[in-house]
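K.L.:
Structure for the following, please:
(one chain, ligands or ions: 1)
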Amino acid sequence: MSVAIIGAGAAGYFAAIALAEKQPDAEISLFEATGKTLSKLIISGGGRCNVTTSTTGARELSAFYPRGSRELLGPFNRFESGDTVRWFESRGVPLLREPDGRMFPSTHKSITVANCLREEAKKLGVALKVQMPIAKIKKNESTGVFELVVKKSKERIAVTHVLIATGGSRGGFTLAENLGHQIEPPVPSLFSFEIRDRLLEELQGVSFESTELRLECLNGETFYEQGPVLVTHWGLSGPAIIRLSARAARALAEGEYNAKLFINFLPDHNTESVQQIFREWKEKHPRRTVSLHSPFDLPKSFWQQVLEGGGVALSSKNYSDLSKQDMNSLAQTLTAKAFEVTGKGRFKDEFVTCGGVRLSEVNFKTMESKICPGLYFAGEVLDIDGLTGGYNFQCAWTTGWLAAGGIAESLSTGIATTS
Ligand SMILES: Cc1cc2nc3c(=O)[nH]c(=O)nc-3n(C[C@H](O)[C@H](O)[C@H](O)COP(=O)(O)OP(=O)(O)OC[C@H]3O[C@@H](n4cnc5c(N)ncnc54)[C@H](O)[C@@H]3O)c2cc1C
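P.N.:
Sure, this is the predicted structure:
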C-alpha cells in the first residue's frame, strides 16, 4: 500500500494529489532531490506560469507535440486542458485566457499555482520528503517490492509502487534505464537559431508578423512552419522559429545545429506572383523611387536591406530602371531567401528536453511500464515534448493524473486479492 513518487515537480505533485483523492488510505511519499519543490513551475512563463492552453479536444491538442502526439491522443480523451481549467478553478485558482490562447492564473503569479498544489497535497496527507535524491531503485522480482536508495545517506525505503516524475534530469533517466527502459537521447527543444547573414545586419528587433519557413536538415529531413519571426542580434527567434526548433529538434541535434532555412517573407505570394507585382509597378508607377515605395507591407528597414543586398544600387533607382534580373532577384529574396543556420541560441521563456523514456515501453492507459510492473512514469521524463503555450504543463497534468488512476486501480486490485 506504499507508493513512492520521485520528483516534486508539476507531474509528481499532480499525481500525488489525484492518488490521495482516489485512495485516501494509500501511504504516499513524494521525494524531492533538492530543498525546494516545484522550482521549474515557479520560474515558468516569466514567473506567471502558463498552466495550460485554451486549445481543447484530444486531436487538436495532440497536434502541438512534436514527440508524443500519437500516444497522447488517448490520454487527452480522458484528461485535457478543459479538465485542467476546472481542476484549478474548483480549488480556488481561476485561469484566464490570453488572446493567443495561453492560460495563466488570474493573479498572474506562478506562486498561486505552486501554493495550490502544495496545500492540496498537504491537506490530503501526502508525505513530502525534500533533500531526498533517489539514487537507485531495485526491484525484488519474487515479492514485487521496490527498494529505493537515497543518495549519500544510503537510506533504503521499500514500496510497492514507484512513479518516476523526475523531469528532464539525467538522474531520472538512469533510474528508468536501470529498471530495463530505453532512453531516447535527450536533446534540447525550443530554441532560437544562430544565423549570420548580411540581410539581417542591423535589423535587430525587427519582426515579421507572418512568414512561411522551410528548414532543410543535414540528414535530409525537411520541416515546415509559419507565423511570426523576430530578428535578434545573433540570428532569428520568435514563435515560428521556436516551433520549428521543436519540430526539428532531433534532426538539428544530429546535424550539430547546421541546416538551411528558407523564408518566404510574403506568405500570401510566391516568387512568380511577386515578380508579376514588380512588373505591374514598373508599368503603373515608373517614376516612383524604389526605396521610398514598396509594393508590400514590410518593415521599412528590411526593405532597405533587401534593396542594398541586391548588389546593384537599387535604392536610388526608380521602378522604370528595374531590369528583369533586378525584379527576379528581389522576388527571390522576398519569397525564398536561404539562410545558413550555424548554431542554436537558448529561448529564455521556456525550455524543454526532447528525449526520455521510450514511449512504446509505456502503457498510456495507466502510465505503467510494460517492462517493469509496478513502475509508472509521468511528465517530462517521457520522450514527449510540446510546443510553447502551456502544452508541456498540460502533458505533466494529464500523465500525472493517468498515473494516479493506474496506481489507484492496481492498489485496489491488490486489496481485493489480499482480503
Ligand atoms: C524557464 C522555463 C519556463 C517554462 N515555462 C513553461 C510554461 O510557461 N508552460 C509550460 O507548459 N511549460 C513550461 N516549461 C516547461 C515545464 O516547466 C516542464 O515541462 C514541466 O516542469 C515538467 O514537469 P515535470 O514534473 O515532468 O518535471 P519538473 O518540473 O522538472 O520536476 C521534476 C522534479 O524532480 C526532481 N528530481 C529529479 N531527479 C530526482 C531524483 N533522483 N530524486 C528526487 N527528485 C528528483 C527535480 O528536482 C524536480 O523538482 C518551462 C520550462 C522552463 C525551464
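K.L.:
Briefly note if the longest helix along the chain comes near the ligand.
P.N.:
Ranked by residue count and defined by DSSP state H, the top helix of the chain is helix 391-418. Yes: Helix 391-418 is in contact with the ligand by Cβ under 6 Å from any ligand atom, via 391-393, 396. Where C-beta positions appear, they are placed from N, C-alpha and C, glycine not excepted.
K.L.:
swap in stretch 114-123?
P.N.:
No: Stretch 114-123 lies out of reach of the ligand by Cβ under 6 Å from any ligand atom, never closer than 10.5 Å.
K.L.:
Let me see the mean pLDDT of that stretch.
P.N.:
Regarding stretch 114-123, the rounded mean pLDDT is 98.
K.L.:
Stretch 364-378 too?
P.N.:
Stretch 364-378 comes out at a mean pLDDT of 98.
K.L.:
buried set for that stretch?
P.N.:
364, 366-369, 372, 374-378 (16 or more other Cβ atoms under 10 Å).
K.L.:
Show me the contact partners of that stretch.
P.N.:
11-12, 14-15, 71-72, 74-75, 137, 139, 144, 146, 160-165, 176, 179-181, 357, 360-363, 396, 399-400, 402-403, 405-407, 409-410 (Cβ atoms under 8 Å, 6 or more residues apart in numbering).
K.L.:
how long is it end to end?
P.N.:
10 Å (Cα to Cα, to the nearest Å).
K.L.:
ok, now stretch 241-258?
P.N.:
Length of stretch 241-258, first residue to last, Cα to Cα: 15 Å.
K.L.:
which of the buried residues of stretch 364-378 lies closest to residue 38?
P.N.:
Residue 38 has its nearest neighbour among the buried residues of stretch 364-378 in residue 378, at 14.5 Å by Cβ to Cβ.
K.L.:
Give the full set of residues in contact with residue 91.
P.N.:
Contact partners of residue 91, counting by Cβ under 8 Å, 6+ apart, are 116, 120.
K.L.:
Please, which helix or strand holds it?
P.N.:
When elements are assigned from DSSP states H and E, residue 91 belongs to no helix and no strand.
K.L.:
residue in the stretch 51-200 of the chain nearest to the ligand?
P.N.:
Minimum separation of the stretch 51-200 of the chain from the ligand (Cβ to the nearest ligand atom) falls at residue 167, amounting to 2.4 Å.
K.L.:
So that residue sits against residue 379, correct?
P.N.:
Yes: judged on Cβ atoms under 8 Å, residue 167 makes contact with residue 379 at a distance of 6.1 Å.
K.L.:
Check the contact lists of these two and give me the overlap.
P.N.:
Both residue 167 and residue 379 are in contact with 7, 9, 11, where contact means Cβ under 8 Å, 6+ apart.
K.L.:
Select from these the one having the most neighbours.
P.N.:
Within the shared contacts of residue 167 and residue 379, most neighbours by other Cβ atoms under 10 Å means residue 11, with 31 neighbours.
K.L.:
Return the distance of stretch 66-80 from the chain's centre.
P.N.:
In terms of Cα atoms, centre = their mean, to the nearest Å, the centre of stretch 66-80 is set 14 Å apart from its chain centre.
K.L.:
now swap in stretch 247-255 and tell me
P.N.:
That offset, for stretch 247-255, works out to 14 Å (Cα atoms, centre = their mean).
K.L.:
Please apply the same query to stretch 276-286.
P.N.:
Relative to its chain's centre, stretch 276-286 lies at 45 Å (Cα atoms, centre = their mean).
K.L.:
Flag every buried residue along that stretch.
P.N.:
Judged by neighbour count using 16+ other Cβ under 10 Å, the buried positions of stretch 276-286 are 277-278, 281-282.
K.L.:
State the pair within these that is farthest apart.
P.N.:
Counting by Cβ to Cβ, the most remote pair of the buried residues of stretch 276-286 is 277 and 282, 9.7 Å apart.
K.L.:
The stretch 51-200 of the chain against the ligand: which residues are in contact?
P.N.:
Within the stretch 51-200 of the chain, the residues that sit near the ligand (Cβ under 6 Å from any ligand atom) are 133-134, 165-167, 169, 171-172.
K.L.:
Only whichever of these are buried, select them in ChimeraX.
P.N.:
Remark: buried members of those, expressed as a ChimeraX selection using 16+ other Cβ under 10 Å:
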select :133,134,165,166,167,169,172
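K.L.:
Out of the residues of the stretch 51-200 of the chain next to the ligand, which is nearest to residue 305?
P.N.:
residue 167 (41.8 Å).
K.L.:
tell me how far the helix or strand of the chain with the lowest mean pLDDT is from the chain's mean position?
P.N.:
Scoring the helices and strands of the chain by mean pLDDT, DSSP states H and E places helix 391-418 at the bottom, with a mean of 88. Offset of helix 391-418 from its chain centre (Cα atoms, centre = their mean): 23 Å.
K.L.:
again, but for stretch 316-326
P.N.:
The answer for stretch 316-326 is 46 Å, by Cα atoms, centre = their mean.
K.L.:
Thank you kindly, that will do.
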